[in-house]
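Participant: Quick check, what structure comes out for this input:
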Amino acid sequence: MWAEIRQSFTDNLLFNEERGREATGVAVLKRNEPTAVFKLPISASEFVKRPFYTNLLHHINAETTLILGHTRLPTKGNPAKNSNNHPIQAGDVIGVHNGHISNDELLFANCHCEREGEVDSEIIFRLLWHELDGPFGDVDLTAVKSNLQKLEGKFVVLAGDQRQPNKLLVVKRKNPLSLHYHPEWKALIFSSRYIFLRKTFGRVVLKENLVSDKIFIFDAEKLPQLGSQAMRMIALGRFVNNFGVSSSPPTLTLPL
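Facilitator: Numbers count the residues shown, from 1 in each chain. This next block holds a predicted model:
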């Protein structure tokens, strides 16, 4: 089963390569272990050939709760500087972003938080780390909502928290993201390209797109009971000044 999960994640990463070839990155969250993050300014096709990727796959096991992957089409921030590539980490929060944030400079000026790169995506994870009183799995989702409503743009966000590695935050704002629950693996598979899920898992996959303008919290511990249903959900509400081009975050949420 774990070999199948590893292969599916690799296939998902490669399938999304056409959405961005300038950089590739992966993060693996596990119980009681530091998050492993690898990213480089190379295509997914080259990334998966590197020895560190093979080693990373071997560490995906029953302790793993979340795998995040990303293939990047840059909109801001030179991919040669690895801090501009995804996954992006801010404190205990780590995630990937598909889209474009147009007011990141203003938000950084107002939040007075550090900035490591130039990429607009970084502000998302800084807000989730600096502006929330605890992991997003515990805090009131209205607090998450009020911070994410500051963003101007079109985006999909997937984020984990090392303090609660079984929780996954998903935010969808008018960019593509589909998901499929695999009952044998007890895992959720996400992809920016619905066709990947259909080709990989066949007719059991219908048009499983996430509803836009929502914040979702998924829990790996509850996947056998809830399947593709989020543990918690809230509407994002009204936004203004939307823009967007896309890169891609294929991800797997894995069982405990």
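Participant: As a check, name the ranges of all strands in the chain.
Facilitator: 23-30, 33-40, 64-72, 88-90, 93-101, 153-161, 167-173, 178-182, 187-191, 214-219, 232-235, 251-253 (DSSP state E).
Participant: Same list, those, but as TSV with distance to residue 140 and mean neighbour count please.
Facilitator: Quick note: C-beta positions are derived from backbone N, CA and C, even for glycine. Putting the strands of the chain into TSV (distance: least, Cβ to Cβ, whole Å; neighbours: other Cβ atoms under 10 Å) gives the following:
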stretch	distance to residue 140	mean neighbour count
strand 23-30	23	26
strand 33-40	25	16
strand 64-72	22	27
strand 88-90	20	23
strand 93-101	17	26
strand 153-161	15	25
strand 167-173	13	24
strand 178-182	24	21
strand 187-191	24	25
strand 214-219	11	20
strand 232-235	9	14
strand 251-253	22	27
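Participant: Spit out the contact partners of the closest residue in space to residue 74 that isn't next to it in sequence.
Facilitator: Among residues not flanking residue 74 along the chain, residue 22 sits closest, at 5.2 Å (Cβ to Cβ, 6 or more residues apart in numbering). With contact set as Cβ atoms under 8 Å, 6 or more residues apart in numbering, residue 22 has these partners: 41, 43, 72-74, 79.
Participant: Drop anything exposed from these.
Facilitator: Among those, the ones that count as buried by 16 or more other Cβ atoms under 10 Å are 41, 43, 72-74, 79.
Participant: so the residue positioned nearest the centre of the chain bridges to which residues?
Facilitator: The residue lying closest to the centre of the chain (Cα atoms, centre = their mean) is residue 158, at 2.9 Å. On the basis of DSSP bridges, residue 158 is bridged to residue 96, residue 170.
Participant: measure it to residue 49 for me?
Facilitator: 25 Å (Cβ to Cβ, to the nearest Å).
Participant: all helices for the stretch 101-250 of the chain, in order.
Facilitator: Secondary structure of the stretch 101-250 of the chain, counting by DSSP state H, counting those that start in this stretch: helices at 104-111, 122-130, 141-148, 194-201, 223-226.
Participant: Spatially, what comes nearest to residue 149 if we skip its sequence neighbours?
Facilitator: That would be residue 237: by Cβ to Cβ, 6+ apart, it lies 5.9 Å from residue 149.
Participant: Kindly indicate which of the contacts of residue 22 lies nearest residue 227.
Facilitator: Ranked by distance to residue 227 (Cβ to Cβ), these are led by residue 72 at 30.3 Å.
Participant: How about the contacts made by the nearest residue to that closest one once chain neighbours are set aside?
Facilitator: If the residues on either side of it in the chain are set aside, residue 72 comes closest to residue 23, at 4.0 Å by Cβ to Cβ, 6+ apart. Applying Cβ under 8 Å, 6+ apart, we find residue 23 in contact with 39-42, 70-72, 74, 79, 82, 84-86.
Participant: Which residues outside stretch 41-57 are in contact with it?
Facilitator: Residues contacting stretch 41-57 (Cβ under 8 Å, 6+ apart): 6, 9-10, 13-14, 16-17, 21-24, 26, 28, 36, 38, 40, 71, 79-80, 82, 85.
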